[in-house]
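A.B. asks: Need coordinates for the below:
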Amino acid sequence: MSDVSTSDGVEPDHEHHHDHEGPGYSTPQAAIEEGGREKLAYVMSLYVGTDVDAPDFVAVVDLDPDSDTYCEIVDRVELPNRGDELHHFGWNACSSSCHVEGLERRHLIVPGQRSSRLHVIDTKDRRNPELVEVIEPEEVFEYDLSAPHTVHCVPDGKIIISMLGDADGDLPGGFLELNDDFEIEGRWEPPGEIEMNYDYWYQPRQNVMVSSEWAAPKTYYPGFDLDDVEAGNYGQKLHFWDWEDGTVEQTIDLGEEGLIPLEVRFLHTPESTHGFVGAALSSNIFHFWEDDGEYRAEKVIDFESREHDDWDMPVPALPTDILISMDDRYLFGSNWLHGDVWMYDISDPSNPRKADSLSVGGTFGEVQEVQGRELAAGPQMIQLSLDGERLYWTTSLFSSWDDQFYPEEAERGSVMLKADVDPRNGTMTLDEDFLVDWGECPAGPARAHEIRWPDGDCTSDVWQ
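C.D. replies: Model prediction:
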């Protein structure tokens, strides 16, 4: 992809070509060319559901192969309370504010999924970031919201967080808005627009936001229950919003083949209306796009369940995370239960073509140990280098769900692994020299979840 043509065949709006004065990059192609190799990672790390009595922390991981501490956790930002369950996090600013002079990509907004506590971490010293502010749960509950999930910075320094429940952990969820001083401004949307919430992504040049659904916190906090599926307590809808007005314009029910639509991504090309969502429980990937003023969604990838002697039912793949390479050519994902990472060529978004996959960890993984370290779970949260040549992943999904499907994750801790990607030929190779082990943390084995780079990544940057 270049900054003068799109995968949709849509010519860019040249009114949006502007001088780059603020954080991030002027275009997705500029991110590829100017971003450089990732040398540090910030990783959500938690002790919830383990025998270790310690607060969760943000791990700083050395990814510089020329460093003496390569593959090591070189710093930990410990939080002041126990039991937050760190999960997803995001920046105060990204490429959507690249025209805002003086704004920096510097502060991480780190929510506690269970506590509803919001932490602000200053990364001015990238290897030694520090906690600078805490918004206590009671301040969040005042807006009848709880269970923060996706954090996106939006143009001009505002921050919007998807919230999965009300103050009691029931439905409906909604969105919480922070200002550039990290103060709660209030609800972003008028209450009552949606019931369930989970992930979201916005495409400002198309004035559209899309959000997905998991369930009420009281439903998923204790763990997965088949009775909740039969009772219709899990989500299966996509909501398309008017980005400026904050109102739902269209809802698509994905049906039984779209149960638990989790991570949702538009293509990075800011003019595009194409995107993908992974329906975890149904183990399908849906493509969505705008057609004559209406959004449509169609299943384009189907992962077959597999028989296993220890299961009473076929094992679903459970694709819990997806991302799109910065050049919009490949869709990457993870099948947490089966133990796969995969890449599909999405040059034609309507007809993804499987390029490659790796079978690592999980229930069926062909590789079950790296450097002698047994893998306790399958690939889960993934992150890709800006140039698309290195794919990293961690192995924890959510503490109570880990305990059901991979109880050894709590005893051994998570790992971070890496594959080298050849984008030209569409192949991946497991780098068996790379291993970051949360089983060796000083307080005891910890879980590891979402990953971010200091200079932006494929799951946080959006273009205005």
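
A.B. asks: what about the strands in the stretch 101-250 of the chain?
C.D. replies: Assigned by DSSP state E, counting those that start in this stretch, the stretch 101-250 of the chain shows strands spanning 107-111, 118-122, 130-135, 146-154, 158-165, 174-178, 184-187, 200-203, 208-211, 237-242, 247-253.

A.B. asks: Could I get the ones you listed in a markdown table, plus columns for mean neighbour count, distance to Asp431 and mean pLDDT?
C.D. replies: For glycine as for every other residue, the C-beta is placed from the backbone atoms N, C-alpha and C. What follows is the strands of the stretch 101-250 of the chain, written out as a markdown table (neighbours: other C-beta atoms under 10 Å; distance: least, C-beta to C-beta, whole Å; pLDDT from 0 to 100):
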| stretch | mean neighbour count | distance to Asp431 | mean pLDDT |
| --- | --- | --- | --- |
| strand 107-111 | 25 | 26 | 98 |
| strand 118-122 | 21 | 28 | 98 |
| strand 130-135 | 15 | 31 | 98 |
| strand 146-154 | 25 | 29 | 97 |
| strand 158-165 | 25 | 33 | 97 |
| strand 174-178 | 24 | 37 | 98 |
| strand 184-187 | 15 | 42 | 98 |
| strand 200-203 | 21 | 29 | 97 |
| strand 208-211 | 26 | 33 | 98 |
| strand 237-242 | 20 | 35 | 98 |
| strand 247-253 | 15 | 39 | 98 |
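
A.B. asks: any chance of those in CSV, with distance to Arg447 too?
C.D. replies: Below are the strands of the stretch 101-250 of the chain laid out as CSV (distance: least, C-beta to C-beta, whole Å):
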stretch, distance to Arg447
strand 107-111, 15
strand 118-122, 17
strand 130-135, 20
strand 146-154, 17
strand 158-165, 19
strand 174-178, 25
strand 184-187, 28
strand 200-203, 24
strand 208-211, 26
strand 237-242, 29
strand 247-253, 33
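
A.B. asks: So for Leu331, which of the ones you listed sits nearest?
C.D. replies: strand 200-203 (13.7 Å; C-beta to C-beta).

A.B. asks: what residue ranges in this protein score low on pLDDT?
C.D. replies: The model of the chain has pLDDT under 70 over residues 1-20.

A.B. asks: switch to 90 and redo it
C.D. replies: Scanning the chain for pLDDT under 90 picks out 1-24, 96-103, 155-157, 191, 464.

A.B. asks: hang on, Gly255 packs against Gly235?
C.D. replies: No: applying C-beta atoms under 8 Å as the test, Gly255 and Gly235 come out as separate, 11.8 Å apart.

A.B. asks: of those two, who's got more company?
C.D. replies: Gly235 (30 against 13; other C-beta atoms under 10 Å).

A.B. asks: which non-adjacent residue is nearest that one?
C.D. replies: Nearest non-adjacent residue to Gly235, counting by C-beta to C-beta, 6 or more residues apart in numbering: Glu213, 2.3 Å away.

A.B. asks: So what does the one you found have for phi and psi?
C.D. replies: When read as degrees, to the nearest 10, the backbone of Glu213 gives phi -140, psi 140.

A.B. asks: what's the neighbour count on it?
C.D. replies: Using other C-beta under 10 Å, Glu213 has 26 neighbouring residues.

A.B. asks: ok, now how distant is it from Glu193?
C.D. replies: Glu213 is 13 Å from Glu193, where distance means C-beta to C-beta, to the nearest Å.

A.B. asks: And for Asp291?
C.D. replies: For Asp291, the distance to Glu193 equals 23 Å [C-beta to C-beta].

A.B. asks: Gln113 too?
C.D. replies: Applying C-beta to C-beta, the value for Gln113 to Glu193 is 22 Å.

A.B. asks: Between those two, tell me which one has more neighbours.
C.D. replies: Neighbours were counted for Gln113 and for Glu193 using other C-beta under 10 Å; Gln113 has more, 26 against 19.

A.B. asks: which residues does the closest residue to the more buried one other than its chain neighbours contact?
C.D. replies: For Gln113, ignoring the flanking residues on the chain, the nearest one in space by C-beta to C-beta, 6+ apart is His87 at 4.0 Å. Contacts for His87 (C-beta atoms under 8 Å, 6 or more residues apart in numbering) come out as Met44, Leu46, Pro111, Gln113, His149, Phe398, His449, Glu450.

A.B. asks: Give the buried residues for stretch 403-423.
C.D. replies: Buried positions in stretch 403-423, judged by neighbour count with 16 or more other C-beta atoms under 10 Å: 405-406, 409-410, 412-419, 421, 423.

A.B. asks: Redo those residues as TSV? Include distance to Asp66 and secondary structure.
C.D. replies: Shown next, in TSV, are the buried residues of stretch 403-423 (distance: C-beta to C-beta, whole Å; DSSP: H, G, I helix; E, B strand; the rest coil):
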residue	distance to Asp66	secondary structure
Phe405	38	helix
Tyr406	34	coil
Glu409	31	helix
Ala410	34	helix
Arg412	29	helix
Gly413	27	coil
Ser414	25	coil
Val415	22	strand
Met416	19	strand
Leu417	20	strand
Lys418	16	strand
Ala419	20	strand
Val421	20	strand
Pro423	23	coil
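
A.B. asks: okay, the residues you listed in TSV with distance to Ile260 next?
C.D. replies: Listed next are these as TSV, based on distance: C-beta to C-beta, whole Å:
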residue	distance to Ile260
Phe405	14
Tyr406	18
Glu409	20
Ala410	23
Arg412	27
Gly413	26
Ser414	22
Val415	25
Met416	25
Leu417	25
Lys418	27
Ala419	26
Val421	27
Pro423	30
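
A.B. asks: any idea which of the residues you listed is closest to Leu40?
C.D. replies: Among the buried residues of stretch 403-423, Met416 lies closest to Leu40 (C-beta to C-beta), at 12.6 Å.

A.B. asks: so the closest one touches Arg390, yeah?
C.D. replies: No: Met416 is not in contact with Arg390 according to C-beta under 8 Å; the separation is 11.8 Å.
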